[in-house]
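Participant: need coordinates for the following:
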Amino acid sequence: MQLQTQLEALVQQLSPSHLEILNESSGHGGYFPGKESHFKITIVSDAFQGLRLVQRHQKVYGLVGDLLAPSKIHALAIHAYTQDEWTGERPDSPDCAHAPKHTSN
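Facilitator: Now for the predicted structure:
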């Protein structure tokens, strides 16, 4: 099973009203087609009600922790919102210093 599919299945336990998981691996060094190492999750759930940002991240890490290993997911960006906070937009990820360099001809 692909890592992205496993990640999605695990965070479903939070009953999200919105869930977006982006595989951002192609923007990082060592990328090859099919690589799954860097992900960004945008999740909206009532499970985050009353929790500080660090507590929200801990809740997500508690569910997906087994996938965070050198041979699996290297980096996970989490954007966790309650329904009241969700504006329909998530922040862009910064460029990676080790991203493949594209040259123009």
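Participant: okay but His74 is in contact with Phe39, surely?
Facilitator: No: taking contacts as CB atoms under 8 Å, His74 lies outside contact range of Phe39: 9.2 Å. From N, CA and C alone the C-beta is placed, and that goes for glycine too.
Participant: who has more neighbours, the two?
Facilitator: Phe39 (22 against 16; other CB atoms under 10 Å).
Participant: is that one in a helix, a strand, or coil?
Facilitator: Secondary structure, DSSP: H, G, I helix; E, B strand; the rest coil: Phe39 is strand.
Participant: quick one, what contacts it?
Facilitator: The contact partners of Phe39, taken as CB atoms under 8 Å, 6 or more residues apart in numbering, are Leu3, Gln4, Leu7, Ile21, Leu22, Asn23, Glu24, Ser25, Ile73, Ala75, Leu76, Ala77.
Participant: just the ones in strands from the residues you listed, please.
Facilitator: Residues from the contacts of Phe39 lying in strands, with DSSP state E as the criterion: Ile21, Leu22, Asn23, Ala75, Leu76, Ala77.
Participant: ok, what's across the strand from the third one?
Facilitator: When assigned by DSSP bridges, Asn23 has beta-bridge partners Phe39.
Participant: tell me where the chain has strands.
Facilitator: Assigned by DSSP E, the chain shows strands spanning 18-23, 38-44, 75-81.
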